[in-house]
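S.K.: need a 3D model of the sequence below.
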Amino acid sequence: MYASKEAFIRDNAYLLVHHDPPDLPSLANTPRNAYLVLELANSSRGHRLGVNGLAIDSDNAILYSGGRDGVVCAWDLGLDLSPNAAPISKPLPTTFKAQTLAHTHWINDICLAANNTALVSASSDMMVKVWRPDSAEEGAEPATIGQHADYAKCLASPGPSSDWVASGGLDRKIHLWDLNGGGSKLDIDVRGESVAEKGSVYALACASSGSVIASGSPESTVRLWDPRTGKEVTKFVGHTDVLRSVLISDAGDTVLSASSDSTIKLWSVTAGRCMYTFSMHSQSVWSLFSEDPKLGVFYSGDRAGLVAKTDMRGSLDEMDDGLSLAVARESGGENGGGGILKLVAAGDHIWTATSSSSINRWPNTNLDEVAVPDVWRHHHHHHRHGSVASKHRHSSIHSVTSGQTPPTQGRKDIPSQSFLRLSNTANFPPPLVSRGSDTNTITSLGTRRQATEVLEAGVEPIHHLPEETVEGQCGLLKSKLLNDRRRVLTTDSVGEVVLWDLIRCKPIQNFGKSNIEDAEPTVNTLEAVAPWCSVDVSNGNLTVVLDPFNCFDAEMYADELAADEPFEFREDQRINLGKWILRYLFDKLIDEEVKRDESYRARLNEHVDRRLAQNRANRPASIEIPPAHMNGWRESDSSVTTPRANGSNNPMTPGLGIALATPAPLNSVLENTTSPASPAVNRLSIPGNRPSVDKEDYFSTPIMQADAPKPPATIAVAPETPAENPADAKEKEAANGKSPSTPFGRFRMTFGTKKLGRSASSTAEKPALTEEQKAAATEAGDNSENSSNHEKEVDDCFLGAVQRARNRYDAQLTDQAERYIETQLCPSLSSETPLLKLPAGLKVIIQEETSGGSVEVYRGTIESTGEDTDAIEGKGPLWLGDALLLNQLPVKDPVKISFILHPWQDSLPPIATPDGNNRLNANRMLRVKKILAYVAERIDPQDPENPDPDALKPEEYLELYCNDQLLPHNMSLATLRAHIWKGGNDIVLYYKANGRKEIPIPPPPELEPSESLDTAETAAAAAAEPAASAAAPGTPHPDAQ
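M.R.: Next up, the predicted model:
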């Protein structure tokens, strides 16, 4: 167990980041997906979830275990397990030797191979891996030797000198894998005869000679296969439920099979039939183990936790004379929680694995030293008189059959309740007895069936408690992602609740033994953040899954961030969560790529130096300089442009633009509308502050870097505006008057309308093109494309991002041979991704998505990503390279929310357009205080030429209400919709003054005398509408319906 709660909290985090490729042209036709798996420093020793696999190296006294947490452990037993070892009264305790995170999903089976120097594991992540714990390379990771198309369920290894291992999976395949990484040596299709799905391989065994492989499946059939040809040798039918375990003798002539039908069957390959059915178990038999080359002695474990040892040595005709003992029973077995998932035995000990994270060691029982209870000796003698079947089995039984009273010295007295009947036809123990309160009391029963039922109900194992427990760790069982999507609550197997920070990959608060439901209200916040990750604890660790389709969707405001180190940020700057964590997960990789880029450019610049030197050598002795202002020449005071810093022109998050969302007359909105005729990629706000004295609306002012040298112009988002001629739009924009700036920032409002109709150019029917015209147009397009400066195609992997940069270098050398090459790599700066100090031991695993699941293509740590640059370049996804090296994220339209603004009880001027339209939309991250600033600009504009430095901020004298609730200034539209409005239609908001500043209300416009009579009724109706809506601030305005 952990020495302290802090140790558990430190070591129990496991972060999985799942990445699928974005919908980019370069990835449009590829199914490639990638995962990133991260785990904290794995200093914990032991499993966190149930143990599914056990394997023992008797020569070196090492026990190996594979768990549902994906970890393989090696344990030093400190025992002498040789056959002739002297018994030890007090064995040394088991000690931890080594462990590795081999898989990202459950490990279903393990086995030893290559003279016990290699441990092979099969997992639900579909991978088959080999781990060599004694490798000369310290800390060597498991190597992948094979991959199934579905869960890999079981393993089998032939003789110790063999160079292959067999694996079976739910893909209905048996593969023979080369242990040295040579791939599959043979594939065997084991599809079910009647139902193909029932051909899944649940159990596998291989003769030590390598001559035959036995498999078991849900179709209740044992099949034998030739590993040289892959052909089926024979099949055994007789079980009535799923096959759970299979053993095969070294010679390949005998097979044992265990099934969920509670029986174990002995099959003769030579005779081709079942020789005996063992029914000493009353529950599903899950595991078999034998050290006997001929399977004369074997161990079995069932769902109820019972461990039985059976001796059937002797003639097959005397199977009813066999002996079976209930050696031990795992606790919790009555409800399946202590079911024996795996067992192994060596020397005087048995080890069992269950759904618990601990492994138990039990004393073994030598059947040659078992003394039969006195009350059964006469009965056993009656049935065994003259039998020679057990002469080589055990001396105590042999003594009884010869009519002699066995000596008690050197033999162990076993309680009668611990003897198991091999079957209903077995002669021992007696079938017609019932056990009373006294162990040696015999009571007669009426039928054999009644006796069997009583015997099963009264089974008592020899050992109730293990002699040692190899303690496991506390695994996580449940999780709850909080509203901010940056923190998660988890509870473990001992009931402790811990709060984790997903960004920093560490726990931040321990609630002790509690319930998640009780802890959640104390730490949850009123927020609504876009989904960017999901969490999972199915493997006992905290797993975070990132999908590239949405991992860049979530943002947080920089002023809400508790950074590891102070950093400067602009007002209302936002941090992209997915981009932030990826930047520092691959920090070493980025550093290495920058170094390689510098080296590559240095070689290119050597060519530039030689070209410049050559030009200097060939320069003329003198040149004539034209006079100033002569023939178009003029003086210039510009200096050489300083090369931009990395990341200085990086795209930022979409701007906060507001557009008019309800229909309105075209002439009422055109003068403030930007044409939407540009491509969709340009409909996002491009970072930049326009150094203009003209008015600019805050809501379409994008977030950009504070040190951007020359930002491009802002393109406002107005998706619902009608199409407009770009030339007309430019003329109108030049003619438009801009409203003044305010102390709260520059403002520019973009109003848009829903489509009011098609333009003449769009509605006019276009003439059909002839075939000649189409061919000419195609040829012209090809010529134009060839003549243009298109980038070359790049590899569909991480290396593609590097190739893009180098292609631009090559193009510059061609076009501007005398200009030094400047870097094209621009990883994000600390201003947009503040410093993160992640645990150095975090493991990074990149996987690909396949039809059956995900498969691993790379494994390393945060520290090793720089050293593994070549591997990541070849196996990492292209979108990851673009994000890390070029700071290019997948283009995505911002999510907008529509809302309606009303003055509360007509206490302030309205902001609606002349036609009464007050329906707006804006980015979901827009804060309440910026909505108030927008309102203030329209009802209380400031003089841009004479700003008042002591003027109140809009949020200081204005308030915003929704559903009669006063809204906090920092609440976003997304949070407002999710927690206050709680509806899918337009949000209805009311603004009012708090009395700190007097805002004049302009008088209503006077009607002309000629209009007064015609519009009296209309004016009366218009005056009644605000009165009705003012009765309740939460009542929607009629125009909003």
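S.K.: please settle this for me: is Glu517 part of a strand?
M.R.: No. Under DSSP: H, G, I helix; E, B strand; the rest coil, Glu517 falls outside any strand and is assigned helix.
S.K.: contacting residues around it?
M.R.: Going by Cβ atoms under 8 Å, 6 or more residues apart in numbering, Glu517 touches no other residue. Heads up, the C-betas are built off the backbone N, CA and C, glycines and all.
S.K.: please redo it, this time with the cut-off set to 10 Å
M.R.: Taking Cβ atoms under 10 Å, 6 or more residues apart in numbering, we find Glu517 in contact with 480, 489, 491, 497.
S.K.: quick check: Val895 touching Ser972?
M.R.: No. Checked against Cβ atoms under 10 Å, the pair Val895 and Ser972 is beyond contact range at 11.3 Å.
S.K.: which neighbours do these two have in common?
M.R.: Common neighbours of Val895 and Ser972 (Cβ under 10 Å, 6+ apart) are 923-925.
S.K.: which one's more surrounded, Val895 and Ser972?
M.R.: Ser972 (21 against 13; other Cβ atoms under 10 Å).
S.K.: and the more buried one, its phi and psi?
M.R.: Main-chain torsions, Ser972, degrees, to the nearest 10: phi -90, psi 160.
S.K.: can you tell me the element the residue nearest to it when sequence neighbours are not counted falls in?
M.R.: Nearest residue to Ser972 in three dimensions, chain neighbours excluded: Met925, at 5.2 Å (Cβ to Cβ, 6 or more residues apart in numbering). Following DSSP states H and E, one finds Met925 outside all helices and strands.
S.K.: count of neighbours near Met925?
M.R.: Neighbour number of Met925 under other Cβ under 10 Å is 25.
S.K.: pretty sure it contacts Leu973?
M.R.: Yes. Counting by Cβ under 10 Å, Met925 does reach Leu973; the two are 7.2 Å apart.
S.K.: pLDDT weak spots in the stretch 801-950 of the chain?
M.R.: For the stretch 801-950 of the chain, the stretches with pLDDT under 70 are 852-853.
S.K.: can you pull out the strands in it?
M.R.: Listed in chain order, the strands of the stretch 801-950 of the chain (DSSP state E, counting those that start in this stretch) span 843-849, 854-861, 896-903, 919-923.
S.K.: the third one packs against which elements?
M.R.: What that stands for is strand 896-903. With contacts taken as 3 or more Cβ pairs under 10 Å, 6 or more residues apart in numbering; DSSP states H and E, strand 896-903 sits against strand 658-660, strand 919-923, helix 928-939, strand 958-962, helix 973-975, strand 987-993, helix 1016-1030.
S.K.: one more time with 8 Å
M.R.: strand 919-923, helix 973-975, strand 987-993 (3 or more Cβ pairs under 8 Å, 6 or more residues apart in numbering; DSSP states H and E).
S.K.: what angle sits between the longest one and strand 896-903?
M.R.: Orientation of strand 987-993 against strand 896-903 (axes from the mean of the first three to the mean of the last three Cα atoms, to 10 degrees) gives an angle of 40 degrees.
S.K.: could you give the angle of strand 987-993 to helix 928-939?
M.R.: Going by the same axes, to 10 degrees, strand 987-993 makes 60 degrees with helix 928-939.
S.K.: name the helices or strands packed onto strand 987-993?
M.R.: Packing partners of strand 987-993 (3+ Cβ pairs under 8 Å, 6+ apart): strand 896-903, helix 928-939, strand 958-962.
S.K.: need these in a markdown table (columns: mean neighbour count and distance to Arg806).
M.R.: A markdown table is the format used below for the helices and strands packed on strand 987-993 (neighbours: other Cβ atoms under 10 Å; distance: least, Cβ to Cβ, whole Å):
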| stretch | mean neighbour count | distance to Arg806 |
| --- | --- | --- |
| strand 896-903 | 22 | 39 |
| helix 928-939 | 23 | 43 |
| strand 958-962 | 21 | 52 |
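S.K.: distance to Pro839 for those - can I get that in CSV?
M.R.: Putting the helices and strands packed on strand 987-993 into CSV (distance: least, Cβ to Cβ, whole Å) gives the following:
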stretch, distance to Pro839
strand 896-903, 37
helix 928-939, 37
strand 958-962, 42
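S.K.: the helix or strand hosting Leu266 pairs with which strands, and in what direction?
M.R.: Using DSSP H and E, Leu266 maps to strand 264-268. The pairing partners recorded for strand 264-268 under DSSP bridges are strand 254-259 (antiparallel), strand 273-278 (antiparallel).
S.K.: which of these sits closest to Leu932?
M.R.: strand 254-259 (72.0 Å; Cβ to Cβ).
S.K.: give me the contacts around that closest one.
M.R.: 203, 205, 214, 216, 220, 222, 224, 236, 239-249, 264-269, 284-288, 290, 294-295, 298, 300.
S.K.: show the buried residues in these.
M.R.: 203, 205, 214, 216, 220, 222, 224, 236, 239, 242-249, 264-267, 269, 284-288, 290, 295, 298, 300 (16 or more other Cβ atoms under 10 Å).
S.K.: in helices only, show me those.
M.R.: Among the buried ones among the contacts of strand 254-259, DSSP state H puts none in helices.
S.K.: follow-up on the earlier one: mean neighbour count, the strands of the stretch 801-950 of the chain: which tops it?
M.R.: Highest mean neighbour count among the strands of the stretch 801-950 of the chain (mean count of other Cβ atoms under 10 Å): strand 919-923, with a mean of 25.
S.K.: name the helices or strands packed onto it?
M.R.: Secondary elements touching strand 919-923 (3+ Cβ pairs under 8 Å, 6+ apart): strand 658-660, strand 896-903.
S.K.: low-confidence stretches in the chain?
M.R.: Short version for the chain, where the test is pLDDT under 70: 1-44, 136-139, 192-196, 315-317, 333-337, 372-412, 430-457, 620-791, 852-853, 1004-1041.
S.K.: show me which positions of the lengthiest helix in it end up buried.
M.R.: Secondary structure of the chain per DSSP H: the longest helix is helix 587-617. For helix 587-617, a neighbour-count test (16+ other Cβ under 10 Å) marks 587-590, 592-593, 597, 600-601, 605, 608 as buried.
S.K.: ok, now stretch 297-312?
M.R.: Residues of stretch 297-312 classed as buried: 297-312 (neighbour count, 16+ other Cβ under 10 Å).
S.K.: end to end, how far does it reach?
M.R.: In stretch 297-312, first residue to last residue: 6 Å (Cα to Cα, to the nearest Å).
S.K.: again, but for stretch 358-367
M.R.: End-to-end distance (Cα to Cα), stretch 358-367: 28 Å.
S.K.: kindly report the same for stretch 269-287.
M.R.: Span of stretch 269-287 from end to end, Cα to Cα: 21 Å.
S.K.: how about stretch 270-283?
M.R.: OK, stretch 270-283 end separation, Cα to Cα: 30 Å.
S.K.: and for stretch 146-161?
M.R.: Where stretch 146-161 begins and where it ends lie 20 Å apart, using Cα to Cα.
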